[in-house]
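J.: Provide a 3D model corresponding to the input given below.
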Amino acid sequence: MTTNVRVRFAPSPTGFLHVGGLRTALYNYLFARHHGGKFILRIEDTDQSRRVEGAVENLISTLEWSGVHYDEGPGIGGPFGPYVQSERLEIYRQHANELVKQGRAYHCFCTPERLDGVRQRQTAAKERVLYDGHCRELAAEEVRERLGRGERNVIRMKVPSDGAVTFRDLIRGEVSIGNEILDDQVLLKSDGFPTYHLAVVVDDHSMQISHVIRGEEWLPSTPKHVLLYQYFGWELPIFAHLPLLLNPDKSKLSKRQGDVAVEDYRAKGYFKEALVNFIAFLGWNPGDERELFTLEELVQEFSLDRVGKAGAVFNVEKLNWLNFQHLKKKSDQEIMTMLREHLAASGIDAGSFSDTYLLGVIAAMKERATFLHDFVEKSPYFYKAPVEYDADVVKKRWKPESAAQMEVLAKEFSHMGHCGKEDFEAALHRAAASLNIKNSELIHPLRLALSGMGAGPGLYDIAFLLGKDESVKRIYAAIEKLH
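T.: Numbering: from 1, shown residues only. Below you'll find the model as predicted:
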C-alpha cells in the first residue's frame, strides 16, 4: 500500500462544479481513501476577476451531496491552512522574491501594450508566441532604480533556453518537453497575486501533497512546475494526468453541446449514487464486466493503474441506465419516503395517500421509472383523475359504441363484492362475454378512462389501486366527456 498519501482537489470559484471537476475530486478522494490517506480541498482564487459570488459554497455543498467528503479545507481547517489562496499572498510573495535572489526569476517591466505588440508580430510571422525576454537580463542597478520609482512590474521565472524537462506520469509514463517551447512564465502579477503556476507548486509542497491527480489540460504546464520544484530544491510529487472528457462526437465536453454542471444533473433528478458511479467510469474501469458500484465499493476497487490515457465519452444514455439500476436497488420504503417529499414539493397533498397505496404505485411503476419524478410524471392518474385524454389514443381506441360498452363494464364493476386484481379482470371478461365482443375492445377504452393515456403499468393494477368506486367514477366521467 502507498504510504502517507495526501492528495488535493483545487478548483477555482468561477461557477458551478463541472462534471470534470467532480471526476477529479472523486478520483483524488477514492485514491486517498483506498490508501488510508488524506483528501484536501483547496480553493484557487488567485484570479479575482473570474471569481463568482457563492461559487465556493456551491462547490462545497455539491461535494458533500456527492459523498466526496474532504479531510482538510475551508470550514474544516487543518494543519497546513489557510486553504484559500487569496489568504496566502504573503507566502507567495516571499517565495517569488527568493527566486529573484537566486537568479531563477526576474522583474519584468513590460507594458501590456508592448506585450501585445510582441504577440502580434510573432503571430504574423507564424512564430511560437512566447515572451521575448526583453527584461530578462536587465542590470541589477536599473532594476533597483525602476523598482524605486514604483514602476509597475511582474516577476517571471527564468526557463532554460535549451534542454528539456522530463518527468514521470503514472498514467502516461515518461513525458519530456523541450524548454524551447516553454514561456518565461509570470509567477507574481503586478497586483501582488500569484499566478496558478507559482501558487500550485508552493501550496502542494507546503501542504505535503504526495500525488497530484488532475486533468490532462494541465499536462503542458507541468514542466514549468517541475522546474519550480527544482529551483526551490523540493522533492517532486507523483503526477497523474486524467484523460479528457469528450462529447459523443469526440469533441471536448462543453456546455455548447449539453449540461456540464453537476448542479444540472442534480436538478434533473439523477441520484448521487448513479452520477458518482457513472463519473468513476469516465477513464477508469475495474478490469472486469461489473458496472454497478457504490461509493464504498469504488473505494475498495480504485487504482490509478486502471485509468487510461484515451479520452472518455460522456454518454448520457449510460448515465440514464445507471440511474435506473440504482433506483431499482433502493427499497420500496426508501423510494416512498422520497416520493412523499417529491409530491409535497410538486404541490400534491402527499398526506392524502396511505403508505399501502403509495407502495402499490411504486410496485406498479418501478420497472418503468428511471427517475424519482417518473412516479408522478409518467403516472399522474394515480394522484388525480384525468381531465384530458390523449387525442391520438381517443381516435384509435374510443369507438362510437365504446360509451355503451363501458357503461356495461361500469355496472359489472359496481356489482363486485371482493375487489382484487383478479376480480377486476373477471368482471371485464364477463362484460365482454355479455356484449359478445373481444376483451381487447374493453381493455383499451378502460385504460383510457382510468388514466387518460394509452400505455402504462398493468391495467388491473391501476384499477385495483384506484379501487372500485374511483374506477367506476372515472368510467362515467370518460363516457360523458368522450361520447
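J.: use CA for all of it now, contacts and neighbours both
T.: OK.
J.: how about Pro160, what does it touch?
T.: 179-180 (CA atoms under 8 Å, 6 or more residues apart in numbering).
J.: in the helix or strand where Lys473 lies, what's buried?
T.: Element membership for Lys473, per DSSP states H and E: helix 468-482. If you call a residue buried by 16 or more other CA atoms under 10 Å, then helix 468-482 has these buried ones: 468, 471-472, 474-479, 482.
J.: Off-centre distance for that helix?
T.: 46 Å (CA atoms, centre = their mean, to the nearest Å).
J.: mind checking how far Ala449 is from Gly467?
T.: 14 Å (CA to CA, to the nearest Å).
J.: Just want to know which of these two has more residues nearby.
T.: Legend: neighbour count by other CA atoms under 10 Å for Ala449 and Gly467, higher for Ala449 (29 against 16).
J.: and the gap between the more buried one and Ala25?
T.: In this view, Ala449 and Ala25 are 51 Å apart by CA to CA.
J.: Just to check, Met406 is in contact with Ile479?
T.: Yes: if you go by CA atoms under 8 Å, Met406 and Ile479 touch, sitting 7.5 Å apart.
J.: Quick check: phi and psi on Pro386?
T.: phi -70, psi 140 (degrees, to the nearest 10).
J.: Quick one: low-confidence residue ranges for the protein.
T.: Applying pLDDT under 70 to the chain flags residues 1-2, 255-258.
J.: Please enumerate the strands of it.
T.: 6-9, 38-41, 105-108, 154-157, 164-169, 173-178, 186-188, 211-215, 238-242, 245-246, 312-313 (DSSP state E).
J.: Send over the fourth one as CSV, restricted to the C-alpha atoms.
T.: What follows is strand 154-157, C-alpha atoms only, in CSV (Å, rounded to 0.1, in the frame of the first residue of the first chain):
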residue,chain,number,x,y,z
VAL,A,154,5.6,41.4,-12.6
ILE,A,155,8.0,38.6,-11.6
ARG,A,156,8.8,36.0,-14.3
MET,A,157,10.6,32.7,-13.9
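J.: Need the contact partners of that strand.
T.: 96, 99-100, 104-109, 184-190.
J.: cool, the second one as well?
T.: Strand 38-41 is contacted from outside by 5-10, 28-29, 32-33, 70-74, 83, using CA under 8 Å, 6+ apart.
J.: ok, and the closest non-adjacent residue to Ile171?
T.: In this structure, Ile171 finds its nearest non-sequential neighbour in Ala240, 5.6 Å apart by CA to CA, 6 or more residues apart in numbering.
J.: OK, contacts around that neighbour?
T.: 169-172, 211-214, 304.
J.: just curious, which of these is nearest to Asn58?
T.: Arg214 (20.3 Å; CA to CA).
J.: Residues in contact with stretch 391-405: which ones?
T.: Residues outside stretch 391-405 that contact it (CA under 8 Å, 6+ apart) are 435, 442, 444-445, 448, 453-454, 479, 482-483.
J.: Check stretch 431-438 too.
T.: By CA under 8 Å, 6+ apart, stretch 431-438 touches 405, 408-409, 412, 439, 441-442.
J.: ok, which pair from the residues you listed is furthest apart?
T.: Farthest pair in those, by CA to CA: Glu412 and Glu441, 15.5 Å.
J.: The residue located most distally from the centre of the chain and Ala463: what is the separation?
T.: In terms of distance from the mean C-alpha position of the chain, Ser434 ranks first, at 58.4 Å (CA atoms, centre = their mean). For Ser434, the distance to Ala463 equals 21 Å [CA to CA].
J.: what's the answer for Val143, then?
T.: 88 Å.
J.: who has more neighbours, the two?
T.: Ala463 (23 against 18).
J.: Contact partners for the more buried one?
T.: Ala463 neighbours (CA under 8 Å, 6+ apart): 421, 424, 450, 471.
J.: do the same with Ser176
T.: Neighbours of Ser176 in contact, by CA under 8 Å, 6+ apart: 164-167.
J.: correct me, but Lys421 touches Leu466?
T.: No: in terms of CA under 8 Å, Lys421 does not count as a neighbour of Leu466; the distance is 10.8 Å.
J.: which of these two has more neighbours?
T.: Legend: neighbour count by other CA under 10 Å for Lys421 and Leu466, higher for Leu466 (20 against 17).
J.: how close does the more buried one sit to Ile335?
T.: Counting by CA to CA, the gap from Leu466 to Ile335 is 20 Å.
J.: repeat for Val129
T.: Counting by CA to CA, the gap from Val129 to Ile335 is 57 Å.
J.: Measure how buried Ile76 is and give me the count.
T.: Around Ile76 there are 11 residues (other CA under 10 Å).
J.: can you pull the contacts of Arg466?
T.: One correction, residue 466 is Leu, not Arg. Phe382 are the contacts of Leu466 under CA under 8 Å, 6+ apart.
J.: separation between it and Ile479?
T.: 18 Å.
J.: repeat for His429
T.: For His429, the distance to Ile479 - CA to CA - is 20 Å.
J.: And Phe193, by the same measure?
T.: 75 Å.
J.: which residues sit in contact with Leu465?
T.: By CA under 8 Å, 6+ apart, the contact set of Leu465 is 357, 360-361.
J.: Cross those against helices and list the overlap.
T.: 357, 360-361 (DSSP state H).
J.: Which members of the contacts of Ala240 are the farthest-apart pair?
T.: Arg172 and His211, at 14.5 Å, using CA to CA across those.
J.: More neighbours: those two, which one.
T.: Neighbours were counted for Arg172 and for His211 using other CA under 10 Å; His211 has more, 20 against 15.
J.: residue contacts, the more buried one?
T.: 5-7, 237-240.
J.: Quick check: of those residues, which has the highest neighbour count?
T.: Busiest of these [other CA under 10 Å] is Val7, holding 26 neighbours.
J.: Which residues are in contact with it?
T.: Contacts of Val7 by CA under 8 Å, 6+ apart are 28-29, 32, 37-40, 209-213.
J.: now, which of those residues sits nearest Arg114?
T.: Using CA to CA, these come closest to Arg114 at Val212, 35.9 Å.
J.: Quickly list what the closest one is bridged to.
T.: Phe239 (DSSP bridges).
J.: Verify the stated contact: it with Pro237.
T.: Yes: counting by CA under 8 Å, Val212 touches Pro237, with 6.5 Å between them.
J.: Could you work out the most separated pair of the contacts of Ala463?
T.: Largest pairwise distance in the contacts of Ala463, by CA to CA, is 14.6 Å, between Lys421 and Leu450.
J.: show me the contacts for Thr24.
T.: So Thr24 contacts 9, 213-215, 242 (CA under 8 Å, 6+ apart).
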